[in-house]
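Novice: how would this look folded up:
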Amino acid sequence: MSEENIESIAKITRKKGPAKVPGIHELPVERVAPDKEKFDAALKTDTSLQASKVEPTKQTSLMDEIRNLNKKVDRASQTDPQKLAVQSQEVIAQIEQIKTQLTDPSLEIKNDYKRILRNKLEHIDGNLKVALDKAGLEYIPPEVLEGADATPTERFLTLLTDGQEKLKTLGGELKNISDSKGTITPANLLMVQIKVNYIQQEIEFFTSVLNKALESTKTIMNVQV
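Specialist: Predicted coordinates for the structure are as follows:
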């Protein structure tokens, strides 16, 4: 090889320089300028997460309980005994409709429905007991039909009739209070209102369950036919 060729190869080698091995020489890092909007957005997200944390339940003090009780008594002072008397009459009418359904001779109620209906009647009697007591009236336990001859339907009718009589007594006393012929404290009046509302809800639930029992009986009869 001539001296000219050797010199040419040496020049080419010097221009290229040493080869770069991947992984050893670091790649250039692109630097991003700070973005204020992204920073503010991230800060808001962090703040919202902290705010969403459940705060520990605050314990109610005795004064708070007394204050809440006074508010309830104030609401009771605005309760109209006449409206409660009318509401009692409405419940009596609802019970009468239920009794009409129960007198259907073709009615057959399954045991599951019987248990629910009996529990509802017991709840109604319990609420009536408290309402009568708060109104200053005597509570007499309902007559319970015993013996194998008494059917569940007859027991239901007995309890419903007893409930009607108690509601008539309660409604009459509420009317006397409305006419200023009777006296009752605001707290007791509030309790009577609560119990009358409960009784009406229980009667509505009783009606719903009874209707389902009737639908079930009709379905079975249609299948048999």
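Novice: quick one, helices of the chain?
Specialist: Secondary structure of the chain (DSSP state H): helices at 3-16, 36-51, 62-77, 81-102, 111-134, 152-178, 186-224.
Novice: mean pLDDT lowest for which of those?
Specialist: Per-stretch mean pLDDT for those is lowest at helix 3-16 (a mean of 53).
Novice: For residue 184, grab phi and psi.
Specialist: The phi/psi pair for residue 184 (degrees, to the nearest 10) reads phi -160, psi 140.
Novice: For stretch 130-144, which residues meet the burial criterion?
Specialist: For stretch 130-144, the neighbour count (16 or more other C-beta atoms under 10 Å) marks 131, 132, 134, 135, 142 as buried. Backbone N, C-alpha and C define where each C-beta goes, glycine included.
Novice: now stretch 179-187
Specialist: Across stretch 179-187, burial judged by 16+ other C-beta under 10 Å covers residue 184.
Novice: Export only the CA atoms of it, formatted as CSV.
Specialist: Extracted in CSV, the C-alpha atoms of stretch 179-187 (Å, rounded to 0.1, in the frame of the first residue of the first chain):
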residue,chain,number,x,y,z
ASP,A,179,-113.0,22.4,70.9
SER,A,180,-111.1,23.3,74.1
LYS,A,181,-113.0,20.7,76.1
GLY,A,182,-109.9,18.7,76.8
THR,A,183,-106.3,19.3,77.7
ILE,A,184,-103.1,17.7,76.4
THR,A,185,-99.5,18.8,76.6
PRO,A,186,-97.6,19.7,73.4
ALA,A,187,-95.2,16.8,73.9
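Novice: didn't residue 129 look like it was pressed against residue 140?
Specialist: No. Applying C-beta atoms under 8 Å, one finds residue 129 not in contact with residue 140, separated by 9.7 Å.
Novice: and residue 193, how far is that from residue 167?
Specialist: When distance is defined by C-beta to C-beta, to the nearest Å, residue 193 is 14 Å away from residue 167.
Novice: wait, I meant residue 104
Specialist: To residue 167, residue 104 is 24 Å away according to C-beta to C-beta.
Novice: Check residue 184 too.
Specialist: Distance from residue 184 to residue 167, counting by C-beta to C-beta: 17 Å.
Novice: related to what we said a few turns ago, look at residue 193 and residue 167 and report which has more neighbours.
Specialist: Between residue 193 and residue 167, counted using other C-beta atoms under 10 Å, the more crowded position is residue 167 (26 against 21).
Novice: Mind listing what's buried along stretch 154-164?
Specialist: Within stretch 154-164, the residues that count as buried by 16+ other C-beta under 10 Å are 155, 156, 157, 158, 159, 160, 162, 163, 164.
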